[in-house]
Structures are given as C-alpha cells and as structure tokens.
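>>> mind looking at a prediction? Sequence and model below.
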Amino acid sequence: MERGLIAPLSPNEATALRRVANGISMPGHLRSSSVERLKQLALVEESDGRIQLTALGQRRYLAEAATPHGSAA
C-alpha cells in the first residue's frame, strides 16, 4: 500500500487536504507546513500556482470522507 494512503495526518494536514479537495487551492490560503507534508506524501501537487490533489490524494480524501470521525480505519 502506498505511504500517502496510510500515513497519519495531523489535524492541520487533514484540514488542508479537505480544503484542497473542496477547491481552496491558492497556496496563500493554506498552511505552508501542511502543504509541504502533503506534497511529501504525494497527496497534492502545485501546478500553475495552485495546489491540487493527485490521484493518490483523491483516493485518500475519499477514504477519509467515508470513515466516520473517531473510528479507527
């Protein structure tokens, strides 16, 4: 399994992932340390001055959205 799917995310990283998935894609609107970690995990990439989900990031976001909060995955 790919690391980006299973690596734990901090609350700020998880929020950044959700914000990118919901269209908030300008780097200035996101915590830079969270974006850097998401890039390291190959969950997001920067293109044309915008942050966007990678295919792996989309899979992670959908998996997170399908898991009730407080449940172990």
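Happy to help now that I have it. Predicted, not measured: the structure shown is a model, and the values here were computed from it. Numbering: from 1, shown residues only.
>>> could you report the distance from A14 to G57?
Counting by C-beta to C-beta, to the nearest Å, the gap between A14 and G57 amounts to 12 Å. (C-beta placed from N, C-alpha, C; glycine too.)
>>> tell me the SS of the residue nearest to the spatial centre of the chain?
Geometric centre of the chain, nearest residue: L17, 2.8 Å, by C-alpha atoms, centre = their mean. Three-state call for L17 (DSSP: H, G, I helix; E, B strand; the rest coil): helix.
>>> and it, what does it touch?
Residues near L17 by C-beta atoms under 8 Å, 6 or more residues apart in numbering: 9, 38, 43-44, 53, 57, 60-61, 64.
>>> just the ones of these in strands?
44, 53 (DSSP state E).
>>> out of the contacts of L17, which end up buried?
Listed as buried from the contacts of L17 are 9, 38, 43-44, 53, 57, 60-61; burial here means 16 or more other C-beta atoms under 10 Å.
>>> can you classify I51 by secondary structure?
Assigned by three-state DSSP, the conformation of I51 is strand.
>>> does it touch S34 like I think?
No - counting by C-beta atoms under 8 Å, I51 does not reach S34; the two are 10.1 Å apart.
>>> so which residues of this protein form helices?
Taking DSSP state H to define them, one finds helices in the chain at 3-6, 11-21, 32-40, 55-66.
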